[in-house]
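1. no sequence for this one, just the structure:
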């Protein structure tokens, strides 16, 4: 069905990537590329003085290693780690890499984002390709 699928991954206990990855496997046509993308949010300037100089690089390496392990279990899977604002970075990466489908997980909404999580809502609203939202 899709030839270039993007699955943004967030590592937190309430949001496992399993459901999104299962959907990606179903929607991927033979030979498809499935990219697992993690966005490391930029630290505010005032916080950088509290973090060791190599913290960000060690975090990036740790996340990349974990993503690589997951990607190895998916046909056509690959991992990418980038820095930036989550929604904007996901959208930019999708456009720059000719993504034809984004499969994004959404947490159970709170009052401030009743229908979708903040990142998922922005991706749905502004993506130039198909978007599947998984809860």
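-> Yep, it's here. Note that this is a predicted model, so its numbers are computed, not measured.

2. shaky segments in this structure?
-> Within the chain, the segments meeting pLDDT under 70 span 107-117.

3. ranges for the strands of it?
-> Under the criterion DSSP state E, strands of the chain are mapped to 2-8, 28-40, 77-83, 101-105, 130-134.

4. Let me see the contact set for the residue sitting nearest the centre point of the chain.
-> Nearest to the mean C-alpha position of the chain, by CA atoms, centre = their mean, lies residue 8 at 1.3 Å. Contacts here follow CB atoms under 8 Å, 6 or more residues apart in numbering; on that basis residue 8 touches 37-39, 86, 90, 102, 104-105, 119, 123. No exception for glycine: its C-beta is placed from N, CA and C like everyone else's.

5. run the last query once more with 6 Å
-> Residues near residue 8 by CB atoms under 6 Å, 6 or more residues apart in numbering: 37, 90, 104.

6. Can you give me the buried ones in the longest helix seen in the chain?
-> Here the longest helix in the chain is taken by residue count, with DSSP state H as the criterion, and it is helix 55-71. Of all the residues in helix 55-71, those buried under the rule 16 or more other CB atoms under 10 Å are 63, 66-67, 70-71.

7. Ramachandran angles for residue 17?
-> Phi and psi for residue 17, reported as degrees, to the nearest 10, are phi -80, psi 0.

8. So the residue of the chain positioned farthest from its centre versus residue 64, what's the distance?
-> When distances are taken from the C-alpha mean of the chain, residue 49 lies farthest, 27.6 Å away, according to CA atoms, centre = their mean. When distances are taken as CB to CB, to the nearest Å, residue 49 and residue 64 turn out to be 26 Å apart.

9. And for residue 36?
-> Spatial separation of residue 36 from residue 64 under the definition CB to CB is 10 Å.

10. same check, this time on residue 135
-> Noted for residue 135: a distance of 27 Å to residue 64, by CB to CB.

11. Ok, residue 58 next?
-> Residue 58 is 11 Å from residue 64, by CB to CB.

12. what do you get for residue 56?
-> 12 Å.

13. cool, and residue 47?
-> Look at residue 47 and residue 64: by CB to CB, they are 22 Å apart.
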